[in-house]
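Novice: everything below, folded, please.
(chains A, B and C)
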Amino acid sequence: MGESAETLHGWGVTPQEAVALQNALRERLVLQPPASLRVSRVAGADISTENGNALGYGGFVVLDAVSLRPVEQAGAAVALSFPYVPGLLSFRELPVLLAAWNRLAHKPDLVIFDGQGIAHPRRFGIACHGGLLLGVPSIGCAKSLLVGKVGPLGEARGETAEIRHRGEVVGMAVRTRRGVSPVYVSPGHLMDLPTAVEWVLRVSPRYREPETTRHAHRFVNALRTAGGGDREAQEKTETSP
DNA sequence: GCGACAG
DNA sequence: ATCTTGTCGC
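Specialist: Numbers count the residues shown, from 1 in each chain, chains lettered A, B, ... in the order given. A predicted model of the protein is given here:
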């Protein structure tokens, strides 16, 4: 059998095969940002699911890394073929996100996913799988933990505490705003933990969640509410200036 | 065997 | 994630 890009997808696999694929793909991760990394555009990715889980509306919103203003967005609607299984989220969401990604005219230099990076049972969360598949530096920023334990962290914005799992530091709990629960940050692909934390704080100047995530969430939710399936999603792929 | 369990 | 009513706080 040939080694190909097809291997990176894993669409159509069973949950059992998905686990094996994660264990194999994990070896390809690069947990270090490229020395040449210059982020001028940073994107958020998210999906919104329909009633009975039939259709998934996914999308990216690309922000200017300095102003944090949206510069482009792209969405797609794809039938969801994989169930939600803790630890296998990427197999459910990435097919939708890939379709949206292909509609982006200008790819971002960094993508922040709504979910885990290496803070995962097999160190291969959606940010890892997505970064590898799209060939882009990526960060996982989740609202809750999938695995690991976190000690107490300070109350001030910018405070952090390690996420430890099986004796390893797999991520960081980050307080992006005083008085709210932290977000959980871990590297995806072409990324390391310090750089990931730095970027999450940079794109979260005011609210608990990164501006990237907030924009992406609103965008895909609007797509779903508007209905219309993929036709409608494709048409709303340009941002108004 | 018993919990825990991203979105 | 989605489905939903009310409530608390700036």
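Novice: next helix or strand past the worst-scoring helix or strand of chain A on mean pLDDT?
Specialist: Sorting the helices and strands of chain A by mean pLDDT, DSSP states H and E puts helix A:6-9 at the bottom, at a mean of 68. The helix or strand immediately downstream of helix A:6-9 is helix A:15-25, counting by DSSP states H and E.
Novice: which elements pack onto that next one?
Specialist: Under the contact criterion of 3 or more Cβ pairs under 8 Å, 6 or more residues apart in numbering; DSSP states H and E, helix A:15-25 touches helix A:6-9, helix A:126-134. Bear in mind the C-beta positions are built from the backbone N, C-alpha and C, glycine included.
Novice: what residues sit buried inside stretch A:8-25?
Specialist: A:8, A:9, A:10, A:18, A:19, A:21, A:22, A:25 (16 or more other Cβ atoms under 10 Å).
Novice: I misspoke; the intended subject was stretch A:57-64.
Specialist: Neighbour-count burial for stretch A:57-64 [16+ other Cβ under 10 Å]: A:57, A:58, A:59, A:60, A:61, A:62, A:63.
Novice: DNA strand B contacts on chain A?
Specialist: Near DNA strand B, the residues belonging to chain A are A:46-47, A:49, A:84, A:86-90, A:114-116, A:120, A:125-127, A:140, A:142-146 when assessed by Cβ under 7 Å from any atom of the strand.
Novice: quick revisit: which stretch among the helices and strands packed on helix A:15-25 is buried most, on average?
Specialist: helix A:126-134 (a mean of 26; mean count of other Cβ atoms under 10 Å).
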